[in-house]
Each structure stands twice: as structure tokens, then as C-alpha cells.
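Enquirer: I'll drop the sequence and a predicted model, then ask my questions.
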Amino acid sequence: MKIFYDGIMLKEKYSSQMIKQFPDIQFESDLKKGLDAEAILAMPGFLKKENLDQFKNLKWVQVLTAGFDTIDLEYFKSRNIIFTNAKDVFSIQIAEDVFSKILYFNRHIRKHIDHMTKEEWQYEPVHHEIANSTVGILGTGSIGSEIAKRMKAFDARVIGYKSKPSELPYFDTIYHDLKGLNQLYQQSDYIIVALPLNQSTYHFIGKEAFEMMKDQVVFINIARGDIVDQEALIHAIKQQKVRGAGLDVMSPEPLPQDNELWKMEEVLITPHNSSSSPHVNQRLMTAVIDSILCYKTDKKFKNRII
């Protein structure tokens, strides 16, 4: 069995772990030598038809990201290729990032930094806490669940939205229909977007959604920029409906320099950076090794998309 892998993403320090663990598998990072592989471990940018067509023996692809909105899933279905993602690799650090954004607004961090630059000792009264607030999380997958877990430690009420009914740890209530979604908008002091981007979630949050939200809501998006109608968000900020918008993702990316979001005091922008962590490479390799083991032993994948 041969596996072709992205040697840039899976650096030698980490790829050596899978090579050592599976001595019976031939791992290849040279494309020309790897075209007869039956599995690929790669970033979304590589997984295009013109590249995949070269792999005549392909049976399984592991994308090295959680998101897969740029990938043509119909292509994988047409060739009967198993497709898995790295869904649990980025959840912990993204959950921590959400709190950095909320606390940035709640604790007036921008103002305090400005006071420091001016050497001013100036008191800023705080009017918001996470404790005893209601937090609405759109998307209850691994990222949403890690956020919810930490929110309970902050003594928040946590409500979630997902497309299918279920009960999950750390959520007080989970809505799954339009009526419930509207209740989430109306009840939440903080709204966090952790949905996948697909045809049904493009511009999922628009003008009507923002109008339903509480006044002075804090809005956090760590999912994909196109899930939100960005112009509707800008309008909601200008109308003081949204008191703070923590945005790790934009539409488009990079965000153009002339976009007015850059200059809004109510906005904190990070450049698709919420998944950054000193542990991300090891987490990714652990997930990859687990996936390889599932493939080898014909066990059920935890992260199978197709």
C-alpha cells in the first residue's frame, strides 16, 4: 500500500511518526513517485480534479483541514473515493480564540491599550460579563462543542443550533428548526458562528437575522466569511445593533484594504488565524495516524464525509 502526503504541511518532524508506526506502508511526498498511491493526505488546494485524475488507484483522501467547502464532493462520489477531514484538530485553539474576542470587547482592551500608549491612568467601567449571559452557538460540531464546554465554566447558559435534532453535553438547549433558530437570535447575548460553509449556509446570517438579535449583541465568526452577509453585518454595526464583532474570517480573504470593517472601533479582525497553535501539527498528525489505522483495519472513520 502506498500513501502520497503533503510534505510541506506534514513536516518531517511529524510525518516520521506515521512512517515509523506503519512500516508496511510506503509513504511518498514526491508527486511523480506517488501517482500510483491509493490514498492521499493533502491540503484542499491540491485536491483538484486535474491532480486527482492522475491517481488511478485512488481509494481514500484525507484533507488536512476541518473545512472542505472548496472541494468538489461530487467528484469523490463519482469515483467512489472515501473522503475524510481533520475535524477535531483545530477545535481547542479556536474555542480559546473565541474567548479572546469576547473579552476584548467586554473588558475594553482596545481602550486600555490606547490609554497605555498615552500613559494615561483611566478607569473604564465594565458593563458586560459572560457569567449569567446566554450564548448562542450556530453549529454544534467539535468546534461548537469545545466552545460550549468552556462557556459552562464561565457560568453561561448555552444554546445551540444544528440541522438535525439531538442532545449534546454542555448545551442547555439545542434548536434544529427555523423557529428555534429565531429564538436563538432573540435570546443570545453572544452569538458564535461555527457552521460549515455549503450551499445551504451561504449568507445564512443576513439582514433579517441581525434584526432579530438582541441590541448590543457580540457577534463572533470563526467559521467561514460567506456564511454571513457582510454588508448586513456592517449595517448592524452602524445601527449599534452589534456592539462588537470578532471576525477571524472574511469575504473575500484577504479583506481588501479599503473595506470599512478595518476602521470600525466595534470590530476585531484576525486574519483567519484562530486555528493557530503550537500543538496543531501534533494534533494533526495524531488525527492522521488514527485515520490511517481506520483505513487499514476497515474500522469506521470518526471523520468521514463521504
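Expert: Yep, it's here. Numbers count the residues shown, from 1 in each chain.

Enquirer: Every contact and neighbour count from this point should use C-alpha atoms.
Expert: Noted.

Enquirer: M9: neighbour count?
Expert: M9 has 15 neighbours, counted by other Cα atoms under 10 Å.

Enquirer: can you tell me which residues contact D155?
Expert: 130-133 (Cα atoms under 8 Å, 6 or more residues apart in numbering).

Enquirer: Can you flag the buried ones in those residues?
Expert: By neighbour count, with 16 or more other Cα atoms under 10 Å, the contacts of D155 hold 130, 133 as buried.

Enquirer: mind listing the helices for this protein?
Expert: Using DSSP state H, the helices assigned to the chain run over residues 12-21, 31-34, 49-52, 73-78, 91-106, 109-117, 142-153, 178-187, 207-212, 230-238, 280-297.

Enquirer: Poorly predicted segments of the stretch 101-250 of the chain, please.
Expert: By pLDDT under 70, the stretch 101-250 of the chain contains no weakly predicted segment.

Enquirer: re earlier: looking at the contacts of D155, spot the one nearest T286.
Expert: Closest approach to T286 among those (Cα to Cα): I130, at 33.2 Å.

Enquirer: thought the closest one was touching A156?
Expert: Yes. Contact status for I130 versus A156: in contact at 6.1 Å, counting by Cα atoms under 8 Å.

Enquirer: before we move on, the earlier item: generate JSON lines for the helices of the chain, with mean neighbour count and distance to M250 as supplementary columns.
Expert: Listed next are the helices of the chain as JSON lines, based on neighbours: other Cα atoms under 10 Å; distance: least, Cα to Cα, whole Å:
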{"stretch": "helix 12-21", "mean neighbour count": "14", "distance to M250": "31"}
{"stretch": "helix 31-34", "mean neighbour count": "14", "distance to M250": "32"}
{"stretch": "helix 49-52", "mean neighbour count": "12", "distance to M250": "26"}
{"stretch": "helix 73-78", "mean neighbour count": "13", "distance to M250": "23"}
{"stretch": "helix 91-106", "mean neighbour count": "19", "distance to M250": "15"}
{"stretch": "helix 109-117", "mean neighbour count": "13", "distance to M250": "21"}
{"stretch": "helix 142-153", "mean neighbour count": "20", "distance to M250": "18"}
{"stretch": "helix 178-187", "mean neighbour count": "18", "distance to M250": "21"}
{"stretch": "helix 207-212", "mean neighbour count": "16", "distance to M250": "17"}
{"stretch": "helix 230-238", "mean neighbour count": "18", "distance to M250": "8"}
{"stretch": "helix 280-297", "mean neighbour count": "17", "distance to M250": "22"}
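
Enquirer: of all the ones you listed, which lies closest to S274?
Expert: helix 91-106 (5.0 Å).

Enquirer: just checking, what packs against that closest one?
Expert: When contacts are defined as 3 or more Cα pairs under 8 Å, 6 or more residues apart in numbering; DSSP states H and E, helix 91-106 packs onto helix 142-153, strand 217-221, strand 242-247.

Enquirer: G225: what's it in contact with?
Expert: With the criterion set at Cα under 8 Å, 6+ apart, G225 makes contact with 249-252.

Enquirer: what sits against the closest residue in space to it that isn't next to it in sequence?
Expert: Closest residue in space to G225, ignoring its immediate chain neighbours: M250 at 4.1 Å, by Cα to Cα, 6 or more residues apart in numbering. The neighbours of M250, taking Cα under 8 Å, 6+ apart as the test, are 224-226, 230.

Enquirer: how about JSON lines for these, with distance to S277 added?
Expert: Shown next, in JSON lines, are those (distance: Cα to Cα, whole Å):
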{"residue": "R224", "distance to S277": "19"}
{"residue": "G225", "distance to S277": "21"}
{"residue": "D226", "distance to S277": "24"}
{"residue": "Q230", "distance to S277": "27"}
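
Enquirer: and the two most separated of the residues you listed?
Expert: R224 and Q230 (11.2 Å).

Enquirer: I'd like the distance between the residue nearest to the spatial centre of the chain and N273.
Expert: Nearest to the mean C-alpha position of the chain, by Cα atoms, centre = their mean, lies A223 at 4.2 Å. Distance, A223 to N273, by Cα to Cα, to the nearest Å: 11 Å.
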